[in-house]
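**Q** Using only what follows, build the 3D model:
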Amino acid sequence: MVFKIVIPIIIFLFLLFFLLNSIFKRARRELFERLDSRFGIENLILYSTSANYFGRKSKGMMQVRGNGALALTEEGIFFQMAMPDEEFFINYSDILSADVRKSFLGKSVFKPLLHLEFKSNGETDEVAWYVENPEEWVETILKIKDEKSV
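**A** Predicted coordinates:
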């Protein structure tokens with residue numbers, strides 16, 4: 001009797017996992033292709049197609065968060081959200097600070113986040129992402145910013 005309930009649940013969960021895994025792989029592949037067609041992957045300093053966007057401070061607590069592609073280019077930092085289809089760019093000259101935080105806008109994944117403070121339309125704003133090795137991102141951003149300011 002228990003097997004009649006448990007087996008279909010296990011099969012359903014396995015199929016759901018397989019379906020979600022394929023969707024995420026396809027989304028990451030599409031983000032990679034967008035980065036490559038726009039910048040050329042060989043021209044990117046750092047990139048991730050699985051950056052977890054925590055939002056912009058200026059948009060408040062109720063904004064859409066999600067995954068996307070984050071890239072360091074020669075000119076600045078580019079982010080392309082997977083869904084909804086939204087993007088933005090931050091010039092290195094607009095960055096006021098780059099550091100690692102534990103949380104942003106009251107949210108956390110209990111791992112370090114890449115955090116930037118920057119100027120946007122004359123106002124100070126902030127943004128954060130979860131990426132692998134955020135310390136490397138911060139170090140690279142600050143190094144490029146220093147080189148460009150000389």
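
**Q** Setting the sequence-adjacent residues aside, check what's closest to F39.
**A** Closest residue to F39 apart from its sequence neighbours, by C-beta to C-beta, 6 or more residues apart in numbering: T73 at 5.7 Å. Where C-beta positions appear, they are placed from N, C-alpha and C, glycine not excepted.

**Q** show me the contacts for the one you found.
**A** Each residue near T73 by C-beta atoms under 8 Å, 6 or more residues apart in numbering is listed here: F39, N43, L44, I45.

**Q** quick one: the helices in the chain?
**A** Applying DSSP state H to the chain gives helices spanning 2-39, 134-149.

**Q** Tell me which of those lies nearest to G106.
**A** helix 134-149 (18.6 Å; C-beta to C-beta).

**Q** what's the closest one in contact with?
**A** Helix 134-149 has contacts (C-beta under 8 Å, 6+ apart) with 45-46, 72, 77, 92-93, 95, 98-100, 112-114, 116, 131.

**Q** Out of the residues you listed, which two sit at the greatest distance?
**A** Largest separation among the contacts of helix 134-149 by C-beta to C-beta: S93 and P112, giving 25.5 Å.

**Q** more crowded one of those two?
**A** Neighbour totals were compared for S93 and P112, and P112 leads with 17 against 12 (other C-beta atoms under 10 Å).

**Q** my read: the more buried one touches F104, true?
**A** No - if you go by C-beta atoms under 8 Å, P112 and F104 don't touch, sitting 10.9 Å apart.

**Q** Low-confidence bits of this structure, can you list those?
**A** Scanning the chain for pLDDT under 70 picks out 1-3, 15-25, 27-28, 150.

**Q** Please name the strands paired to the longest strand along the chain in the sheet, noting orientation.
**A** Assignment by DSSP state E gives strand 46-56 as the longest strand of the chain. Sheet partners assigned to strand 46-56 using DSSP bridges are listed as strand 66-72 (antiparallel), strand 123-130 (antiparallel).
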